[in-house]
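Peer 1: what follows is a protein structure lacking sequence information:
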Ligand SMILES: Nc1ncnc2c1ncn2[C@@H]1O[C@H](COP(=O)(O)OP(=O)(O)O)[C@@H](O)[C@H]1O
Ligand SMILES: [Mg+2]
């Protein structure tokens, strides 16, 4: 990160500008069934990076994403995200972690009885942020995702792509350090998938670190971003400007 970039004052890691946003060290995840979902996984993601997470169904992509927001607790190893030692986090600290990390899912997960604007505002309102601050952040998030004109609609009056944009607005409204998307285009057709991936790229250009789990091989291979490959719970490759399928 260059020292010409604007700093945010939210923690020493940001001030130094050199700490990774994500560090996994020899992480193992085992579900109560005894199934090992991740083993020996180590990686770092630096501020400003855009990375794809790929691998067949069951490879451990969603488990890895769950680790980053403490939905999933590792059996062993370390998980550091946005300056938090997530593997050792006290339950009372989890909300502070989640404010630094936005997450979007394949199935959008919008509140059906709230408008786009209300869905977007909700995450900030629960932090007790002042009204004017919430309003300004919501306007900005809706503008970024291109939903200003549809702000008063309910989710069931939106297309799939619009619903995913609303979910992205909600994920970025708190100005997170990291935006994670777990198969964000899994329910969308190819043209709309491209638009959503382009939007995630634009948000990355605004300075947000982005991690996207996806099966969208055309998008991954065309964009030539970092590709982190999982298979059977193991990290099998990590390539700058990679393709969806392992080269060679
Ligand atoms: N809550 C759970 N309980 C037991 N096993 C699980 C659970 N979640 C995922 N798994 C198993 O862990 C493995 C990895 O799953 P997941 O992380 O969802 O992979 P992916 O997102 O790459 O499809 C799979 O074998 C899956 O069946
Ligand atoms: Mg998954």
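Peer 2: Received the coordinates, thanks. Every value quoted in this text rests on a predicted model; they were computed, and no experiment measured them. Ligands and ions are numbered 1, 2, ... in the order given.
Peer 1: can we go C-alpha only for contacts and neighbour counts from here?
Peer 2: Fine.
Peer 1: show me the strands in the chain, by range?
Peer 2: Applying DSSP state E to the chain gives strands spanning 22-30, 36-45, 50-54, 76-81, 84-85, 101-105, 178-182, 209-213, 226-231, 234-239.
Peer 1: this protein: helices as residue ranges?
Peer 2: All helices of the chain, identified by DSSP state H, fall at 12-16, 61-68, 94-100, 116-125, 131-145, 160-172, 190-205, 217-223.
Peer 1: return the most buried member of these.
Peer 2: helix 160-172 (a mean of 25; mean count of other C-alpha atoms under 10 Å).
Peer 1: just the pLDDT for the spatially most central residue of the chain.
Peer 2: Taking C-alpha atoms, centre = their mean, the centroid of the chain lies closest to residue 180, which sits 0.8 Å from it. On pLDDT, residue 180 comes in at 98.
Peer 1: that one and residue 211 touch, don't they?
Peer 2: Yes. With contact defined as C-alpha atoms under 8 Å, residue 180 reaches residue 211; the gap is 4.8 Å.
Peer 1: can you list the residues of the protein near ligand 1?
Peer 2: Neighbours of ligand 1 within the chain, by C-alpha under 6 Å from any ligand atom: 31, 33, 35, 37, 57, 58, 59, 60, 61, 62, 63.
Peer 1: so the last one sits right up against residue 36, yeah?
Peer 2: What it means is residue 63. No. Taking C-alpha under 8 Å as the definition, residue 63 is not a contact partner of residue 36, at 10.3 Å.
Peer 1: any common contacting residues for those two?
Peer 2: residue 29 (C-alpha atoms under 8 Å, 6 or more residues apart in numbering).
Peer 1: quick one on the thing from earlier: contacting residues for the residue nearest to the centre of the chain?
Peer 2: Residue 180 touches 65, 101, 102, 103, 104, 210, 211, 212, counting by C-alpha under 8 Å, 6+ apart.
Peer 1: swap in residue 244?
Peer 2: Residue 244 neighbours (C-alpha under 8 Å, 6+ apart): 54, 217, 218, 220, 221, 227.
Peer 1: pLDDT below threshold where in the protein?
Peer 2: 1-17, 248 (pLDDT under 70).
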